[in-house]
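**Q** Return atomic coordinates for the entry below.
(2 chains)
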Amino acid sequence: KQEVTQIPAALSVPEGENLVLNCSFTDSAIYNLQWFRQDPGKGLTSLLLIQSSQREQTSGRLNASLDKSSGRSTLYIAASQPGDSATYLCAVRLITGANSKLTFGKGITLSVRP
Amino acid sequence: KAGVTQTPRYLIKTRGQQVTLSCSPISGHRSVSWYQQTPGQGLQFLFEYFSETQRNKGNFPGRFSGRQFSNSRSEMNVSTLELGDSALYLCASSSRPDSASANEQFFGPGTRLTVL
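**A** Here you go, the predicted structure:
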């Protein structure tokens, strides 16, 4: 059974800091990994999607990496801003079509202090 | 292009009642998935539909059911509501459920269900 872990559960940093959010998963036979952002009481916004054949993806100040062999992904946020405050979730999709659901971590709640 | 829409946004029901939630995927998307989000359990997969067929189902009791229509819109139904069903129900759409290049999932704003 695929398990996705995100530690720590919460993180508080001063504005301008570069930071790394970690995600680990137990089954390396994944199709892809997706990072989401969730604001309080809202739905999920897709940030980055990394296919199993890729090592990283970049969008603006965000960079996500994937190391399937070690079961790890990181989301790098450069020059953090108060507007980045949200919960960040990673989710993996298993490689078999019969199990095409996303398995989510519990998320990391990020607070960026002005 | 309009995003995923869910209606209603908020619902308050009492135990024993039933509820129907609706999801309209992004235009052109044929796969719809449903998730339940609670503070304790996080996001848990309910089921996935593609071309009106249920392709995958999570570990939820039979009180939770769903369907998809020919226009790809989907509904989920919860019967005999329990207090523990209070949650944010999220719907996600993708163009295909298993295409390597097109299975990014896009989520709607969710329906907040409160069971009293």
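**Q** which ones are touching the closest residue to residue B:59 other than its chain neighbours?
**A** Spatial nearest neighbour of residue B:59, excluding adjacent residues (CB to CB, 6 or more residues apart in numbering or on different chains): residue B:44 at 7.9 Å. Using the backbone N, CA and C atoms, a C-beta is placed for each residue, glycine as well. Residue B:44 makes contacts with A:104, B:35, B:36, B:37, B:38, B:58, B:59, B:60, as judged by CB atoms under 8 Å, 6 or more residues apart in numbering or on different chains.
**Q** got the residues of chain A near chain B?
**A** Within chain A, the positions near chain B by CB under 8 Å from any CB of the partner chain are A:31-32, A:34, A:36, A:41-46, A:49, A:51, A:89, A:91, A:93, A:97-107.
**Q** What count of nearby residues applies to residue A:52?
**A** Using other CB atoms under 10 Å in any protein chain shown, residue A:52 has 16 neighbouring residues.
**Q** Where does the most centrally placed residue in chain B fall, secondary structure wise?
**A** Closest to where the C-alpha atoms of chain B average out (CA atoms, centre = their mean) is residue B:34, at 2.9 Å. Using DSSP states H and E, residue B:34 falls within strand B:31-38.
**Q** List the buried residues of that strand.
**A** B:31, B:32, B:33, B:34, B:35, B:36, B:37 (16 or more other CB atoms under 10 Å in any protein chain shown).
**Q** Please work out the average pLDDT along the helix or strand following that strand.
**A** Per DSSP H and E, strand B:31-38 leads on to strand B:42-50 as the next helix or strand towards the C-terminus. Across strand B:42-50, the average pLDDT comes to 92.
**Q** Parallel or antiparallel, list what pairs with strand B:42-50.
**A** Strand pairing for strand B:42-50, using DSSP bridges, gives strand B:31-38 (antiparallel), strand B:53-57 (antiparallel).
**Q** Tabulate those strands (CSV), appending distance to residue A:20 and mean pLDDT.
**A** Supplementary listing: the strands paired with strand B:42-50 in CSV, determined by distance: least, CB to CB, whole Å; pLDDT from 0 to 100:
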stretch, distance to residue A:20, mean pLDDT
strand B:31-38, 25, 94
strand B:53-57, 32, 88
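**Q** so can I have CSV of the ones you listed showing distance to residue B:66?
**A** Formatted as CSV, those follow (distance: least, CB to CB, whole Å):
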stretch, distance to residue B:66
strand B:31-38, 6
strand B:53-57, 7
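**Q** Poorly predicted segments of chain A, please.
**A** Applying pLDDT under 70 to chain A flags the ranges A:95-100.
**Q** the strands in chain B, which residues?
**A** All strands of chain B, identified by DSSP state E, fall at B:5-7, B:10-13, B:19-24, B:31-38, B:42-50, B:53-57, B:64-68, B:74-78, B:87-94, B:106-107, B:111-115.
**Q** between those strands, which gets nearest to residue A:77?
**A** strand B:106-107 (20.3 Å; CB to CB).
**Q** Adding distance to residue A:7, write the strands of chain B out as JSON lines.
**A** JSON lines is the format used below for these (distance: least, CB to CB, whole Å):
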{"stretch": "strand B:5-7", "distance to residue A:7": "31"}
{"stretch": "strand B:10-13", "distance to residue A:7": "32"}
{"stretch": "strand B:19-24", "distance to residue A:7": "32"}
{"stretch": "strand B:31-38", "distance to residue A:7": "19"}
{"stretch": "strand B:42-50", "distance to residue A:7": "14"}
{"stretch": "strand B:53-57", "distance to residue A:7": "28"}
{"stretch": "strand B:64-68", "distance to residue A:7": "30"}
{"stretch": "strand B:74-78", "distance to residue A:7": "32"}
{"stretch": "strand B:87-94", "distance to residue A:7": "23"}
{"stretch": "strand B:106-107", "distance to residue A:7": "24"}
{"stretch": "strand B:111-115", "distance to residue A:7": "28"}
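**Q** Cool, thanks, signing off.
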